[in-house]
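**Student:** Give the three-dimensional model of this entry:
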Amino acid sequence: MADGLDLAIIHISRDADSRNFLHGIEMIRNILEKFYAKYKVKVIDAWGKPFDPSIHEAIGIMQHPEFPPKTVVKVQQKGYL
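**Tutor:** Numbering: from 1, shown residues only. Next up, the predicted model:
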């Protein structure tokens with residue numbers, strides 16, 4: 001849910017007609033953030049960390065010259081704990 005709201009905030013038009021809609025989405029996102037904090041929901045910080053199959057899901061394998069093998073080099077979608 002948070003990811004969808006974040007994408008909406010990034011991609012919504014900034015013109016005057018959309019200002020109230022954007023403000024509403026930002027308010028909902030802030031309420032969700034407070035809910036996450038209350039229940040101690042944390043975003044998994046995966047990028048650049050060793051791949052851990054107990055908390056990460058892989059959709060493929062990529063080689064990256066700056067990282068050792070079995071390192072998360074791209075986050076397709078955030079995860080939460």
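
**Student:** ranges for the helices of the protein?
**Tutor:** Ranges of helices in the chain, per DSSP state H, are 2-11, 19-38.

**Student:** so what secondary structure elements neighbour the helix or strand of the chain with the lowest mean pLDDT?
**Tutor:** Of all the helices and strands that make up the chain, helix 2-11 has the lowest average by mean pLDDT, DSSP states H and E, namely a mean of 88. Here helix 2-11 touches helix 19-38, going by 3 or more C-beta pairs under 8 Å, 6 or more residues apart in numbering; DSSP states H and E. Glycine gets a C-beta too; all of them are placed from N, C-alpha and C.

**Student:** Check the offset of the helix it packs on from the chain's centre.
**Tutor:** Its chain's C-alpha centre and that of helix 19-38 lie 15 Å apart, by C-alpha atoms, centre = their mean, to the nearest Å.

**Student:** send the alpha carbons of it over as PDB?
**Tutor:** Provided in PDB are the C-alpha atoms of helix 19-38 (Å, rounded to 0.1, in the frame of the first residue of the first chain):
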ATOM      1  CA  ARG A  19      -3.200  20.000  -5.600                       C
ATOM      2  CA  ASN A  20      -6.100  18.900  -3.400                       C
ATOM      3  CA  PHE A  21      -5.800  15.300  -4.700                       C
ATOM      4  CA  LEU A  22      -2.100  15.300  -4.000                       C
ATOM      5  CA  HIS A  23      -2.600  16.700  -0.500                       C
ATOM      6  CA  GLY A  24      -5.100  13.900   0.200                       C
ATOM      7  CA  ILE A  25      -2.700  11.200  -0.900                       C
ATOM      8  CA  GLU A  26       0.100  12.700   1.200                       C
ATOM      9  CA  MET A  27      -2.300  12.800   4.300                       C
ATOM     10  CA  ILE A  28      -3.100   9.100   3.800                       C
ATOM     11  CA  ARG A  29       0.600   8.300   3.400                       C
ATOM     12  CA  ASN A  30       1.300  10.100   6.700                       C
ATOM     13  CA  ILE A  31      -1.400   8.200   8.500                       C
ATOM     14  CA  LEU A  32       0.000   4.900   7.100                       C
ATOM     15  CA  GLU A  33       3.500   5.900   8.300                       C
ATOM     16  CA  LYS A  34       2.100   6.500  11.800                       C
ATOM     17  CA  PHE A  35       0.400   3.100  11.700                       C
ATOM     18  CA  TYR A  36       3.700   1.400  10.700                       C
ATOM     19  CA  ALA A  37       5.500   3.200  13.500                       C
ATOM     20  CA  LYS A  38       2.900   2.200  16.100                       C
END
